[in-house]
Structures are given as structure tokens and as C-alpha cells.
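>>> Below are the sequence and a predicted model; questions follow.
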Protein chains: 2
Amino acid sequence: MARRNYIFDTIKKVFQKYGYQQIETPAMENLETLTGKYGDEGDKLLFKILNSGPVVDQINKSETDIKLNEISEKGLRYDLTVPFARYVVMHQNEITFPFKRYQIQPVWRADRPQKGRYREFYQCDVDVIGSDSLLNEVELIQIIDEVFNELGISVTIKINNRKLLAGLCDVIGMTNKFMDIVTAIDKFDKVGFDGVEKELIEKGLDDVSLKAIKEFINISKFDTMNILGMERQLGSSEIGVKGLNELKTIFGYLNSIQNLFFDGTLARGLNYYTGAILEVIVNDPKSTFTSSICGGGRYDDLTGVFGLPNVSGVGISFGADRIYDVLDELKLFPDFINDSTQVLICNYFSKDQSIYLDLISKIRAVGINAELFPDPADKGNTNKLQKKQFEYAKSKNIPFTIAIEEINNWKLTVKNVANKTTKVLEFESFIEELKLFMDSNK
Amino acid sequence: MARRNYIFDTIKKVFQKYGYQQIETPAMENLETLTGKYGDEGDKLLFKILNSGPVVDQINKSETDIKLNEISEKGLRYDLTVPFARYVVMHQNEITFPFKRYQIQPVWRADRPQKGRYREFYQCDVDVIGSDSLLNEVELIQIIDEVFNELGISVTIKINNRKLLAGLCDVIGMTNKFMDIVTAIDKFDKVGFDGVEKELIEKGLDDVSLKAIKEFINISKFDTMNILGMERQLGSSEIGVKGLNELKTIFGYLNSIQNLFFDGTLARGLNYYTGAILEVIVNDPKSTFTSSICGGGRYDDLTGVFGLPNVSGVGISFGADRIYDVLDELKLFPDFINDSTQVLICNYFSKDQSIYLDLISKIRAVGINAELFPDPADKGNTNKLQKKQFEYAKSKNIPFTIAIEEINNWKLTVKNVANKTTKVLEFESFIEELKLFMDSNK
């Protein structure tokens, strides 16, 4: 939890710096809100809540003619996007647009649990809705850059634009095959160009079209030459030219971000994207992670299905669990997470417990997280019980212990748990001396 | 959310200061873990998750002979205590005891939603388990005191000890009526002594017993005279004397906490408490809240039902929703919650957008949360669109706006949204001047 909070806190701080508001939506939504949004497979993976009351009693009594909608009307959140869209439509009259929100909540999928795939996991989404300005895309890329900088993970941010793909479909006369082509290109990472080509041939594309697509997805740099090439290729398609101009604007504002790259193979599977699409991969030779740890894009009609059409938005989602695994693999978690206990006061003698309480109040008062071991060591085998307290500090990663060895002299001994260095502190000035010792032993 | 986070953050910071670790448990638990723990009513209020797969398909096809356990095996968390007990038993070999944990997560109850009662709400629990030292009780009372101090809510902390009640039952020869008597006294707040008496008469108590109970619940001060009285009354009961000594120890350590009071009427409904019991009520004449906003106690065998007997623990639960309502009623929420946006940069001219981006990066770099309005005001009715940006700041409670009015002179105008005071900032030193203006306009 401390480590997961470290990730969430880092991300949240950046979101807040950019003015996003946190919202939360209920775990349960009406089944009609959820079904039909994630495909047939998704419908099967929805956790459905059993209705309460007489109908269920009936089932228990094995009476017949019971339909699913009679026993279940609610389901658990499957992602954060659909509940967010429902939320925006429901609160459209109270929300001031553009609406910048972030949301960090668990989602549930009735999948077979296996490594890296859980029934319950957190999503971490940030979106701005109700503004078609490209400054929103710019801002989200800055947020990506800042979050991974703060976490110390070196990443590559890949960008493409669905409008370019749409333009490409236009110029090869395959406008109606847009989603087929997107779906095929989306598999490039797994199957390579040969696999993409095979799927596109099955979908009925001819050689000329395949050549154009191959040329496009080979582009991995948004430089003058490639831009000229794309202008030539897409010049006759209005939407293609629009996509190209959008990318020029975004790159123009972001010339300080060195790790942002155009990637023609980036397509993203979901069908609601209509503009810029983004994906982030780890760029560290020591990492074994190849899948994306963050992604998103511009969508022009997310809320339409709930009766509020033409609201454009753009958003990204951070994969908290994958980010956790990357930080763990690359040993990038800070040694010392501030939230945890820094000092354990040993509880050796029952008669001194008031003094321990007084000491610990003083330590906490200067903002140091501290614990007093609750059970005194003189109620049993003193040696063993004293040792147990030190072991407690060790297993909880508490870096310092304080013991009062010679109570009559009012002297305290602080010990560094890792290297066992000790120092005797004067009672009158123990807070200052303790802070110095802690600083010099970091 | 910002206000709820303010409550959670305040509480969490205190928990961490006292060395508690945060844990989270899954929303779903096996039904057998949950059922039978909250009484018949609780069993009805459990949200049950429909099993996935063929059995459900069968129901859809109206085939018969289906039992509840065939269609539902999992349910949603009903409180944090039962999952915590299950967690402790499951991880008993990895946990270092005493285990200090806190947990802030939603729970679900299939209740009819009404004012102040929700289907999904947060609980906020802190417990230490595996130590019977009274220093744990002392610490939890300090935590209560500190949390409400931080939040600015004046409270009364009420304490009693179930052992005193047990002792009382012993001396009046009603040992076997312990839970009946507890349940009756627990209703004192609602029905007064007459109501309690009526219920106790129904349970078969005689006049002598009633008189003893009335005497006991009338005690509202732990002073020398009352202590002597209790010693006289309970002296022949071992458990009664133990309870009295526990209270003496706790009060002895806590003489600095002025708002801790013994309350003979405090009984608490749940049957697992075995020692100190606590409840916190608002002590502010301006508040209309009479119900408790925090409560808990010592339990000696919470994990026994899951196969790990004799693990003593003590814990309290903060009622986040009620605390929210109290802060709201008493207008105690801080005006200015740090997480939110402090500055809005107005986006007046498309051609200046790079400059705006540059400015906002500098503002964010010094740790000020800032937003750039994404849509430029020169794409349409400029006056109206400029006004819209100011309205945006107002509705989002952003205290300051910055506009570049005379771009050629590199001058920026900062405005206080509330009182409309403005100041022109020199471009070269705008960060320092902005900070000064913000400080003087707080």
C-alpha cells in the first residue's frame, strides 16, 4: 500500500498541478449502462449483482420462469470511462466546461485471475471534456512527461492521429474499411507487418492500398521529409490534412519534450478515438516490459450513447499496476517512503511508560512519525521481549529505535536499526540531537 | 471529493504519525466469509454477486432447481472489520504483531437509499491487533483527540468498559443476561432510562438489579467518589475490578485530555467488545448532530471465527460521512484547499498560446497549481469568450486569474477573482510579484 500510494500520490500531485478535479463514481452501475459497451467478451466479464428480495427467495425455492433481468439489475464498474461518460451526462447542468477530472478507483472483471491480471484492479484516468483545443493534448503530454520524470522512469511517448489513418483510408478508397484497418495495424506489435498484411488481404485490400499503408506505418519520425511525404500522400483528403496540422501544432508546442515520437504503427484498439492517440512505453534497457504503461487519445463523441452528442474530450489512463511492476523491476521505489514510521520507542519497563508517552508526544509534535511498542518487556523473559521489539522495528522497516537505558541519568540511546550505530542523547535537547542523528544516518 | 480528501488526508496523516500501515482488502469476499456475521438483517443487506457462466445462462433459459449458492458465491464488503479479521488470519505468518493497520475503503449495503444512508459509503478504521497493552487504548484516544483538533471540531470522548458491565451482571446474579443488559442500555440515548427499564423488566430483571443498573448508568464522571462507589459495588467481581483498574490506568495516562469522560450509559450494540468502549459526540452548541461520529473498543476474539483464537485487538472507526456533514454545518471546511487550482491563465489570443504555455510552466515549476484555459477567446465573440473564462475561474473557485493585456510591453495583469483587485506584474520578475500578490490577497 505504501508503495502504491507513492505512485498514486505522485500522479495526483501532477494532476492537481494541472488543475484536474478528482471525482469518484459508485462501484455499482445499472446493467443497462454497462452492457453493450465492451463487446460480447466484456459483457461476459461484467460482475452482476444479484437483486435483493423476494425474487431471489423464489430462486432459492426453485420456482421457475426467472429471467436474468429479474434477478440482476446492477453490475460492478468495468472501467472508468463509461461511468465518467454517464456522470457527465447526468451532471451536465452543474458542470462547468471544459471539465478537467481525474479518477483513481478500482474496476472489476470476472476474469480467471492470473499473473498480472486481477479481478479487481485500479485505473487512474485523467480527461478534459468539452474543449477541442489542442492545448489539451499538449497538457496531457506534459503531464505524462512530468509523472514519469517524477517517478524516475525513462519512457518513450508515442503519438499518432486517427485523422491521418482516416485520410489514408480516403486516398486509397477504403473509407468504409477504416476500423478494419485500425484493428489490423493495432496488432503490429504482436504480429509484425506480415501479420498486418495478411489480415488486410483477408479484409479485401489490394496491393496498392497495402503499399500505401506499409509506407505510412513505417514512419517513425515527424521530421521535415516525412511531413512533406505525408502532405503529398494525404493532400487530397480534408481529414488527413487536418490530422497532419494537428500533429504539427502539438509538436510545435512541445519541442522541449525530447522523448515524444510519431509512430505510424500506433493505432489503438478502441473504436471511440477520433484524433490524437498516445501510448507510453518504458525506455530503459534494463527493463523487460514491452507493453504500454499509459495510453489514451481524443474522442469526439463519448457521451452520445447516453444522449449528449458532440462533446469532444481527450484523456489518458495510467496503468498503476504495470507502473508498480516497472518501479519494482528497476528498483526505482525510494528507500524511504515518508508515510512510514521513522522512530520506535522501546517499551522496556512498565514503570517508565508515562515517560515513554511523554517522549513520543514530543517526537510526534515535530512531525516525525513514531511508535511506542505497546507491550512492556518486563512482563516475561526481558531479554527475549527486548529483542522482539528490535525485530519489530526491523520487520516494519523502522529506521531508528530509542531506548532509555539509564533512566536515572535521564539519558536516551538512539540506534540506527540497519547498521546498529548508537548515540546517547541528552534528555533536555533530545529532539534536536535526534534530528541531527537521523539526518546524518539517512 | 476535495473536501472528502481533506478529511481523509487529515485522518491519514495522524494515523501515519502513530505508525499505522494502510491496507486495502478486495470489494468482494466469499459469501461464507460474510454471512452470519451481521445478523439476519445484515444477511439481507449484503450485495451478492451473480456467478458468471453456464448456471446463469441456465437461469436465463428458465431451467429449474437452482439454489442460491449455485448462482452466487461472492458478496460485496459490508464493513471493514470482518474482511480485516479474514485478512489477519490469512496472513498470520507474514504479519509482525502487534499489527497496526488503518483502512479507508467503501462498504456496501443493500438498503433503501435515504438522507444520510447510502448504498455505498466509506468507512475509516484504525486497529491494533495482537497486543493487550492498555497503551493501545491510550494511543487511540490520543488519535481521536488529535484528529478532531486538526479538523477543528470540538468533541466529547465518552469511555466505558464492558468489564464493568460484566462485573455488574456478576454482582446482581445476572451473568447470563449480559448481552440482554448491554443491548438494553445501548438504547438509553433513544428511549431514556424508562425505556431501558421497560426492556429489562421484560427480560426478567428484578427491582434490586434495576436499581443497581440505574445507579451505574447514572455515573458520568470518573472521580474519586464514583471510583470508590464502583469499588464498593463491584469489589466482589474479579472482572469488574479488572475493568475498573483498566479505566484507572487509561485515565492516569491521559490526564492531559480534558474532554475524555466516563459514561455509564455507553454500552455499544455489537457483541464482540470485551473491554474499553469508546464513542465520540460533537460538543458544539451550534451543531444539531447528536449521534456519534466515531466509536470503537477492545475485542478479545475477533479472528476466532476464522480459526485464529485468542488474538486481542482494539480499534476505532471514524464516520467520514457524518464528519463531513458536521464540518459543513459548522462551516469548518477551510476556504482554501491546497489541492485545487490557484491560478487561471486566460487564453485571449491564439497567437500568444506559446507564451501562455511558457508562463504556466514557470508558475507550476514553483509548486503553484495552475490552469491555462484551453480555448482561445479570439475564435468567436471575443468579449463573450473572455467573460466565459472569468466565469470558469469563479465557478471552479480559482482565486486568481492572469491575463496578458499588452503583449508588446510584456506586462501581465493578475486579478483577484473575489474582489476584482488587479495588479500589473513585470514580466521579468512576475513569479515573485505574483506570489506577493497571492499572499497579500489570502
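Here it is on my side, so go on. Numbering: from 1, shown residues only, chains lettered A, B, ... in the order given.

>>> Burial check on the residue of the stretch 101-250 of chain A found nearest chain B, number of neighbours?
Per CB to the nearest CB, A:S133 is where the stretch 101-250 of chain A lies closest to chain B, at 3.7 Å. For glycine as for every other residue, the C-beta is placed from the backbone atoms N, C-alpha and C. Per other CB atoms under 10 Å in any protein chain shown, the neighbour tally for A:S133 reads 22.

>>> A:D125 in helix, strand or coil?
strand (DSSP: H, G, I helix; E, B strand; the rest coil).

>>> So for it, what pLDDT did the model give?
Per-residue pLDDT puts A:D125 at 92.

>>> Kindly report the same for A:K163.
97.

>>> That one: what's it in contact with?
A:I239, A:G240, A:K242, A:G243, A:E246, A:T274, A:G275 (CB atoms under 8 Å, 6 or more residues apart in numbering or on different chains).

>>> can you pull the pLDDT of A:K387?
For A:K387, pLDDT reads 94.

>>> what's the answer for A:Y273, then?
Reported pLDDT for A:Y273: 92.

>>> Specify the beta-bridge partners of it.
Beta bridges link A:Y273 to A:Y299 when assigned by DSSP bridges.

>>> Count the neighbours of it for me.
23.

>>> next one: A:C346
Neighbours of A:C346 using other CB under 10 Å come to 23.

>>> any idea how far it is from A:E433?
17 Å (CB to CB, to the nearest Å).

>>> related to what we said a few turns ago, I figured the residue of the stretch 101-250 of chain A closest to chain B hits B:P374, correct?
Yes: the pair A:S133 and B:P374 qualifies as a contact (CB atoms under 8 Å) at a distance of 3.7 Å.

>>> which residues do these two both contact?
With CB under 8 Å, 6+ apart as the test, A:S133 and B:P374 both reach B:N347.

>>> okay, now A:Y6: neighbour count?
18.

>>> before we move on, what about A:V14?
Neighbour number of A:V14 under other CB under 10 Å is 23.

>>> What helices and strands are in contact with the host helix or strand of it?
Element membership for A:V14 (DSSP states H and E) is helix A:2-17. On a contact count with 3 or more CB pairs under 8 Å, 6 or more residues apart in numbering or on different chains; DSSP states H and E, helix A:2-17 meets strand A:99-108, strand A:120-129, helix A:135-151, helix A:320-329, strand B:21-22.

>>> And it, what's buried?
Residues of helix A:2-17 classed as buried: A:Y6, A:I7, A:F8, A:T10, A:I11, A:K12, A:V14, A:F15, A:Q16, A:K17 (neighbour count, 16 or more other CB atoms under 10 Å in any protein chain shown).

>>> can I get the CA coordinates of it in PDB?
Once non-C-alpha atoms are left out, helix A:2-17 reads as follows in PDB (Å, rounded to 0.1, in the frame of the first residue of the first chain):
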ATOM      1  CA  ALA A   2       2.800   2.500   0.900                       C
ATOM      2  CA  ARG A   3       4.400   1.900  -2.500                       C
ATOM      3  CA  ARG A   4       1.100   2.000  -4.300                       C
ATOM      4  CA  ASN A   5       0.200   5.300  -2.500                       C
ATOM      5  CA  TYR A   6       3.600   6.600  -3.600                       C
ATOM      6  CA  ILE A   7       2.600   6.100  -7.200                       C
ATOM      7  CA  PHE A   8      -0.900   7.500  -6.700                       C
ATOM      8  CA  ASP A   9       0.400  10.500  -4.700                       C
ATOM      9  CA  THR A  10       3.000  11.300  -7.400                       C
ATOM     10  CA  ILE A  11       0.400  11.100 -10.100                       C
ATOM     11  CA  LYS A  12      -2.300  13.000  -8.100                       C
ATOM     12  CA  LYS A  13       0.100  15.800  -7.300                       C
ATOM     13  CA  VAL A  14       0.900  16.300 -11.000                       C
ATOM     14  CA  PHE A  15      -2.900  16.200 -11.900                       C
ATOM     15  CA  GLN A  16      -3.600  18.800  -9.300                       C
ATOM     16  CA  LYS A  17      -0.800  21.000 -10.500                       C
END
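
>>> just how off-centre is it within its chain?
In terms of CA atoms, centre = their mean, to the nearest Å, the centre of helix A:2-17 is found 9 Å from the chain centre.

>>> Compute the inter-axis angle for that helix and strand A:120-129.
Helix A:2-17 and strand A:120-129 are oriented at 10 degrees to each other (axes from the mean of the first three to the mean of the last three CA atoms, to 10 degrees).

>>> Could you point out which residue ranges in the stretch 51-200 of chain A have low pLDDT?
The stretch 51-200 of chain A contains residues with pLDDT under 70 at A:52-70, A:115-116.

>>> now the strands: where do they sit in it?
Secondary structure of the stretch 51-200 of chain A, counting by DSSP state E, counting those that start in this stretch: strands at A:72-76, A:99-108, A:120-129, A:155-161.

>>> pLDDT weak spots in the stretch 201-350 of chain A?
Counting by pLDDT under 70, the stretch 201-350 of chain A has low-confidence residues at A:336-339.

>>> Show me which residues of it sit near chain B.
By CB under 8 Å from any CB of the partner chain, the residues of the stretch 201-350 of chain A that approach chain B are A:G252, A:Y253, A:D339, A:S340, A:T341, A:L344, A:N347.

>>> Check those residues for burial and list the buried ones.
Buried, going by 16+ other CB under 10 Å: A:Y253, A:D339, A:S340, A:T341, A:L344, A:N347, out of these.

>>> Helices - which of those land there?
A:Y253 (DSSP state H).

>>> For A:N136, the count of nearby residues, please.
25.

>>> In contact with it, which residues are there?
For A:N136, counting by CB under 8 Å, 6+ apart, the contacting residues are A:P98, A:V128, A:V314, B:P374.

>>> hang on, the first one packs against A:G130?
Yes: counting by CB under 8 Å, A:P98 does reach A:G130; the two are 4.5 Å apart.

>>> nearest residue to A:G269 other than its sequence neighbours?
Excluding the flanking residues, the one nearest A:G269 by CB to CB, 6 or more residues apart in numbering or on different chains is A:D186, at 4.8 Å.

>>> pretty sure the one you found contacts A:L270?
No: counting by CB under 8 Å, A:D186 does not reach A:L270; the two are 9.2 Å apart.

>>> on that earlier part again, now mean neighbour count too, for the strands of the stretch 51-200 of chain A, in JSON lines please.
Output for those, formatted as JSON lines (neighbours: other CB atoms under 10 Å in any protein chain shown):
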{"stretch": "strand A:72-76", "mean neighbour count": "22"}
{"stretch": "strand A:99-108", "mean neighbour count": "21"}
{"stretch": "strand A:120-129", "mean neighbour count": "21"}
{"stretch": "strand A:155-161", "mean neighbour count": "22"}
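
>>> possible to save the ones you listed as JSON lines with distance to chain B?
Listed next are the strands of the stretch 51-200 of chain A as JSON lines, based on distance: least, CB to the nearest CB, whole Å:
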{"stretch": "strand A:72-76", "distance to chain B": "5"}
{"stretch": "strand A:99-108", "distance to chain B": "7"}
{"stretch": "strand A:120-129", "distance to chain B": "5"}
{"stretch": "strand A:155-161", "distance to chain B": "17"}
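
>>> Make a markdown table out of these and add distance to A:G296.
As requested, the strands of the stretch 51-200 of chain A are exported to a markdown table (distance: least, CB to CB, whole Å):
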| stretch | distance to A:G296 |
| --- | --- |
| strand A:72-76 | 23 |
| strand A:99-108 | 12 |
| strand A:120-129 | 8 |
| strand A:155-161 | 11 |
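
>>> quick one: which of those strands is nearest B:N283?
Closest of the strands of the stretch 51-200 of chain A to B:N283 is strand A:99-108, at 35.2 Å (criterion: CB to CB).

>>> Need the residues that contact that closest one.
A:8, A:11-12, A:15, A:18-25, A:27, A:47, A:76-80, A:84, A:88, A:119-130, A:320, B:27-28, B:371.

>>> In contact with the spatially most central residue of chain A, which residues?
Central residue of chain A (CA atoms, centre = their mean): A:F318, 2.9 Å from the mean position. By CB under 8 Å, 6+ apart, the contact list for A:F318 reads A:I11, A:C124, A:D125, A:V126, A:V147, A:I293, A:C294.
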